[in-house]
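Q: Sequence and predicted structure below; questions after.
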Amino acid sequence: MMKLLLCLLLSVNCVWAQDNIERFFKDKTKLENPLELRDPFRAPVVKFKKESKTDKASQDPEELLQSVNINDIRIQGVLVGKERRAIVKFNSNDKMPAVIIKEGYRIGPDRVEVKAILPGGVILVEKMINVYGQEEYLETVIPISK
């Protein structure tokens, strides 16, 4: 009699436990679209956040060059080709990123124009008014720094 009662209690307990387990996992094991799951044998794809527009590295180079003094410019390299470009660093502020300039860009508060980019450096042209009231062009050559 005792064995029968024990078997009855165990069977009721198993049915009750099975019912609770099914209710617990009912919502958790449901896959709506299993084809969208990641392949477990491939590395996960890491998504990078885009930098904010207020960051100086993402600003337009012409806007960044307006606040720079010409004496602080250091030419790091020149890219000569169809569209000539030069890589510029700044002596005054090491935290500012390197900027790529093109011919026609204007630099500094005096709006000095980048006239030519040559294999040896960059030629800047500044429009000045001399003591006689005549317009004069002052050319500055900045060689590639070593």
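A: Looks like it came in fine. Numbering: from 1, shown residues only.

Q: Okay, strands next: where are they in the chain?
A: With strands called from DSSP state E, the chain shows them at 73-79, 85-90, 99-102, 106-107, 112-118, 121-129, 135-143.

Q: could these go into CSV alongside mean neighbour count and mean pLDDT?
A: C-beta here means a position set from N, CA and C on the backbone, and glycine is covered the same way. Below are these laid out as CSV (neighbours: other Cβ atoms under 10 Å; pLDDT from 0 to 100):
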stretch, mean neighbour count, mean pLDDT
strand 73-79, 16, 88
strand 85-90, 19, 88
strand 99-102, 18, 88
strand 106-107, 20, 88
strand 112-118, 17, 90
strand 121-129, 15, 90
strand 135-143, 12, 90
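
Q: quick one, which of the ones you listed is nearest to P40?
A: P40 lies closest, by Cβ to Cβ, to one member of those: strand 99-102, at 42.4 Å.

Q: Check the offset of the closest one from the chain's centre.
A: Centre-to-centre, strand 99-102 and its host chain are 17 Å apart (Cα atoms, centre = their mean, to the nearest Å).

Q: Quick one: list the elements packing against it.
A: In terms of contacts (3 or more Cβ pairs under 8 Å, 6 or more residues apart in numbering; DSSP states H and E), strand 99-102 is packed against helix 61-65, strand 85-90, strand 112-118.

Q: Including distance to M1, could these go into CSV?
A: Listed next are the helices and strands packed on strand 99-102 as CSV, based on distance: least, Cβ to Cβ, whole Å:
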stretch, distance to M1
helix 61-65, 92
strand 85-90, 94
strand 112-118, 103
